[in-house]
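**Student:** okay, predicted coordinates and the sequence, questions at the end:
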Amino acid sequence: MSHEQYVNIQDLFELYKDNEYMTQRLIARLKNLPLVLQMEAKHHEKRLLRTDYLTNEQKQFIQVFLSENQYFYLHNKNSFYYYDNITYKLIKEDNIQHKLLSSISKDRTLMDWKYRTKINIIKQIKSRSLWKSIPESITIQNVLNLLYPSIFSCKDQAKYFLTLIGDNILKKNTGDLIFLTKPKTKYIFTELENMAYLITGVTNVTHNLITKYHENFNYQNCRLIKMNDSTSLPLWKNILQKYGLDILCTATHYSQRFEHSENFVTNVLNDSQQELKQYILYLKNNTPAQIVASFCQHSIQEKEEESGCRITWKNMHYIWKKYISLFSFPNMMYSNTLKTLLREKYKYDEETDAFINVTSVYLPCVADFIKFWEKSIIVHPQLNVLEQSHTQFVNELEIDELCLLFKKWVQENGTQCCTTGNIGEQEVLQILRHYFPSIEIIHNKIVVGITCELWNKLETMESALNALKQCYFQKYMQSEECSLIAFDEAYDFYSNYCKKNAPTTTCKYVVSKQFFEKFLCATLFDYIEYDKFIASSWYTCANWNHM
């Protein structure tokens with residue numbers, strides 16, 4: 001007992017010296033004080049033991065709960081996430097609290113510490129960054145299977161892509177690296193960027209993924225990403241909607257596992273993956289002059305002075321585009337730079353804008369296709385089928401149809417350059433985009449506003465419809481039964497009509513079902529019912545010979 005406390009007791013006796021009752025009460029209290037303190041000590045010891053017990057129980061409960069329920073948090077988004085060992089999902093804090101309180105209620109031990117435990121767990125969850133989570137093998141493989149082979153031609157390319165995306169999310173300093181890829185893949189980055197911001201609040205996930213080369217880029221800082229551009233936008237959006245978080249978490253995991261994308265290339269890729277390594281580092285390991293030299297070695301052949309061979313700059317530029325497309329290179333230099341380097345290598349005629357005494361194996365087929373186009377293709381962007389049509393109908397040819405017609409043209413004209421006429425759809429697209437840039441091409445499949453003299457689509461369809469009309473009119477005259485004609489039935493009739501009349505010039509080819517139905521909607525507008533049927537009034541009318 002301290003001196004101050006002793007003085008206080010003395011003061012109490014002095015205070016109540018004239019009050020016998022209070023003096024007796026004070027003496028009684030002091031006599032019971034040892035017992036009271038003993039009881040207080042026991043209660044205190046029990047409380048300490050219970051607190052230690054509950055603390056240990058709480059610690060164990062939290063450990064088990066967070067192990068069984070993988071919750072994570074991002075401060076910048078103020079959002080919670082849940083991982084079920086297969087896929088990641090956004091989750092509301094209310095759902096976490098409900099799960100937590102339900103688990104405490106079942107356990108019963110921590111009922112008195114229910115809300116204290118809840119606060120403690122939520123605090124710990126907020127310290128668990130989503131980007132520190134480690135996805136299970138099944139999640140990683142699912143992500144790789146989503147990216148390969150749909151977007152990347154091998155899994156190592158997908159891993160490299162994910163690693164650099166993880167570097168960007170974790171804001172690692174990778175030395176101002178620029179990752180170049182083909183322009184047609186831009187939608188992949190745009191949608192990935194949008195998804196990442198909406199779900200995690202992270203920006204600039206793809207800021208250094210570039211689809212358009214700039215002359216200010218330093219080749220030493222450039223890396224190439226080889227990607228397919230055939231994945232449809234709706235499919236990619238659906239993938240990101242369902243598995244976007246899995247992709248991002250796998251990306252940050254790879255970034256931490258491999259340190260960064262540069263380390264992945266230099267130390268992770270082994271000898272069997274040298275081809276991928278060389279592709280990624282192609283610009284770093286080559287100068288523009290070396291790249292042009294490789295192009296010339298692959299695609300250009302030099303000829304003797306008297307050969308008279310020459311390649312115009314427009315044709316040379318096309319061969320260059322074909323070369324970089326063949327090796328899945330993005331455009332990596334301006335056309336002026338390319339032309340300057342080629343002029344240093346080959347003799348050049350300023351007046352004709354052509355390189356002298358050179359040729360290329362790619363030119364004969366291109367030259368023949370251009371002749372075929374100029375002699376057989378008619379461009380009329382807005383060709384109406386019939387004057388009485390209520391809807392405007394624009395003619396079109398599909399790329400595969402152009403390939404077939406070109407082969408027919410070559411066979412009939414017996415050209416010296418392209419003996420077979422075999423040409424791929426991708427090459428036709430390249431030729432059209434380079435030599436006829438004003439032509440409208442939809443979905444890399446349909447060329448709009450053109451017809452070919454070798455195949456009158458409209459005449460064949462009109463003949464087939466007249467035959468179909470006569471057929472149904474005869475059935476009607478015999479039974480007087482009217483029925484709708486389904487578009488599918490009309491197309492089958494047209495297809496069979498073409499096969500039966502195959503020897504004739506106009507019936508050697510069959511239009512696509514989509515084009516045929518568009519033709520029906522334009523020419524039989526007044527007779528279309530339920531969007532997919534031709535009304536019986538079309539063939540029962542008196543003047544059935546007229547469409």
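**Tutor:** Good, I have the coordinates.
**Student:** please report the distance of Met461 from Ser495.
**Tutor:** Distance from Met461 to Ser495, counting by C-beta to C-beta, to the nearest Å: 11 Å. Every residue, glycine included, has its C-beta placed from N, CA and C.
**Student:** more neighbours, these two?
**Tutor:** Each of Met461 and Ser495 has its neighbours counted (other C-beta atoms under 10 Å); Met461 has more, 24 against 15.
**Student:** and that one, what does it touch?
**Tutor:** By C-beta atoms under 8 Å, 6 or more residues apart in numbering, the contact set of Met461 is Tyr494, Val511, Phe516, Phe519.
**Student:** under the pLDDT cut-off, which ranges of the stretch 201-350 of the chain? List them.
**Tutor:** Along the stretch 201-350 of the chain, no part satisfies pLDDT under 70.
**Student:** please, where are all the helices along it?
**Tutor:** Secondary structure of the stretch 201-350 of the chain (DSSP state H, counting those that start in this stretch): helices at 233-257, 261-263, 274-280, 288-299, 313-326, 335-345.
**Student:** looking at those, which is nearest to Ser137?
**Tutor:** helix 233-257 (10.7 Å; C-beta to C-beta).
**Student:** can you give me the buried ones in that closest one?
**Tutor:** 236, 239-240, 243-256 (16 or more other C-beta atoms under 10 Å).
**Student:** what number of residues lie near Thr139?
**Tutor:** The number of residues packed near Thr139 is 24, by other C-beta under 10 Å.
**Student:** give me the number of residues near Val428?
**Tutor:** Residues near Val428, counting by other C-beta under 10 Å, number 19.
**Student:** only the buried subset of the contacts of Met461, as a ChimeraX command please.
**Tutor:** Those of those that count as buried under 16+ other C-beta under 10 Å are selected in ChimeraX with:
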select :494,511,516,519
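**Student:** from the contacts of Met461, which land in strands?
**Tutor:** Applying DSSP state E to those, no entry is found in strands.
**Student:** next helix or strand past whichever strand or helix holds Gln430?
**Tutor:** Here Gln430 sits within helix 425-435, counting by DSSP states H and E. Later in the chain than helix 425-435, the nearest helix or strand by DSSP H and E is strand 440-442.
**Student:** what is the mean pLDDT for that next one?
**Tutor:** The pLDDT scores in strand 440-442 average 92.
**Student:** got a list of contacts for that strand?
**Tutor:** Strand 440-442 has contacts (C-beta under 8 Å, 6+ apart) with Pro381, Ile399, Leu429, Leu432, Arg433, Val447, Val448, Gly449.
**Student:** just among the residues you listed, which is most surrounded?
**Tutor:** In terms of neighbours by other C-beta under 10 Å, these top out with Val447 at 22 neighbours.
**Student:** so who does Asn168 touch?
**Tutor:** Shown in contact with Asn168 (C-beta under 8 Å, 6+ apart): Asn204, Val205, Thr206, His207, Asn208.
**Student:** next, the third one: phi, psi?
**Tutor:** Backbone torsions of Thr206, given as degrees, to the nearest 10, read phi -120, psi 30.
**Student:** hang on, isn't it packed against Asp167?
**Tutor:** No: if you go by C-beta atoms under 8 Å, Thr206 and Asp167 don't touch, sitting 11.4 Å apart.
**Student:** okay, those two: which has more neighbours?
**Tutor:** Comparing Thr206 with Asp167 by other C-beta under 10 Å, the one with more neighbours is Asp167, at 25 against 19.
**Student:** so that one: helix, strand or coil?
**Tutor:** helix (DSSP: H, G, I helix; E, B strand; the rest coil).
**Student:** would you mind giving the domain segments of the chain?
**Tutor:** In terms of domains, the chain is parsed into 3-130, 137-280, 288-361, 367-452, 457-540 (source: automatic domain parsing).
**Student:** which of those domains has the lowest mean pLDDT?
**Tutor:** When the domains of the chain are compared by mean pLDDT, domain 3-130 comes last with a mean of 79.
**Student:** hmm, back to that, among the contacts of Asn168, name the buried ones.
**Tutor:** Buried among these by 16+ other C-beta under 10 Å: Val205, Thr206, Asn208.
**Student:** residues in contact with the last one?
**Tutor:** Shown in contact with Asn208 (C-beta under 8 Å, 6+ apart): Leu164, Asn168, Thr174, Leu177, Ile178, Phe179.
**Student:** and with 7 Å instead?
**Tutor:** Asn168, Leu177, Ile178, Phe179 (C-beta atoms under 7 Å, 6 or more residues apart in numbering).
**Student:** identify, from these, the entry nearest to His317.
**Tutor:** His317 has its nearest neighbour among the contacts of Asn208 in Ile178, at 24.1 Å by C-beta to C-beta.
**Student:** and the strands in the stretch 1-150 of the chain?
**Tutor:** 70-74, 79-83, 88-91 (DSSP state E, counting those that start in this stretch).
**Student:** quick one, which of those strands is nearest to Leu326?
**Tutor:** Across the strands of the stretch 1-150 of the chain, closest to Leu326 is strand 88-91 (C-beta to C-beta), at 39.1 Å.
**Student:** for the contacts of Asn168, work out which two are farthest apart.
**Tutor:** Farthest-apart pair in the contacts of Asn168 is Val205 and Asn208; separation 9.8 Å (C-beta to C-beta).
**Student:** now do the strand or helix carrying Gln157 against helix 233-257, angle only.
**Tutor:** Using DSSP H and E, Gln157 sits in helix 155-169. Helix 155-169 runs at 80 degrees relative to helix 233-257, counting by axes from the mean of the first three to the mean of the last three C-alpha atoms, to 10 degrees.
**Student:** ok so, going back, make TSV from the buried ones among the contacts of Asn168 and add distance to Tyr323 to it.
**Tutor:** What follows is the buried ones among the contacts of Asn168, written out as TSV (distance: C-beta to C-beta, whole Å):
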residue	distance to Tyr323
Val205	32
Thr206	27
Asn208	26
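**Student:** looking at those residues, which is nearest Phe189?
**Tutor:** Closest to Phe189, out of all of the buried ones among the contacts of Asn168 and judged by C-beta to C-beta, is Thr206, at 4.0 Å.
**Student:** next, the buried residues of stretch 14-26.
**Tutor:** Leu26.
**Student:** gap between the two ends of that stretch?
**Tutor:** End-to-end span of stretch 14-26 (C-alpha to C-alpha, to the nearest Å): 11 Å.
**Student:** I'd like the distance from that stretch to the chain centre, please.
**Tutor:** Stretch 14-26 sits 91 Å away from the centroid of its parent chain (C-alpha atoms, centre = their mean, to the nearest Å).
**Student:** returning to what we had before: which helices and strands does whichever helix or strand comes after the helix holding Gln157 pack with?
**Tutor:** Next along the chain after helix 155-169, taking DSSP H and E as the criterion, comes strand 178-180. Other elements packing on strand 178-180 under the criterion 3 or more C-beta pairs under 7 Å, 6 or more residues apart in numbering; DSSP states H and E are strand 209-210, strand 222-224.
**Student:** reformat the ones you listed as CSV; add mean neighbour count.
**Tutor:** As requested, the helices and strands packed on strand 178-180 are exported to CSV (neighbours: other C-beta atoms under 10 Å):
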stretch, mean neighbour count
strand 209-210, 21
strand 222-224, 21
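**Student:** quick revisit: closest one to Ala535 among the helices of the stretch 201-350 of the chain?
**Tutor:** Each of the helices of the stretch 201-350 of the chain was scored for nearness to Ala535 using C-beta to C-beta, and the closest is helix 233-257 (34.3 Å).
**Student:** which residue is nearest the centroid of the chain?
**Tutor:** For the chain, the residue sitting closest to the mean C-alpha position, by C-alpha atoms, centre = their mean, is Ile188 at 3.5 Å.
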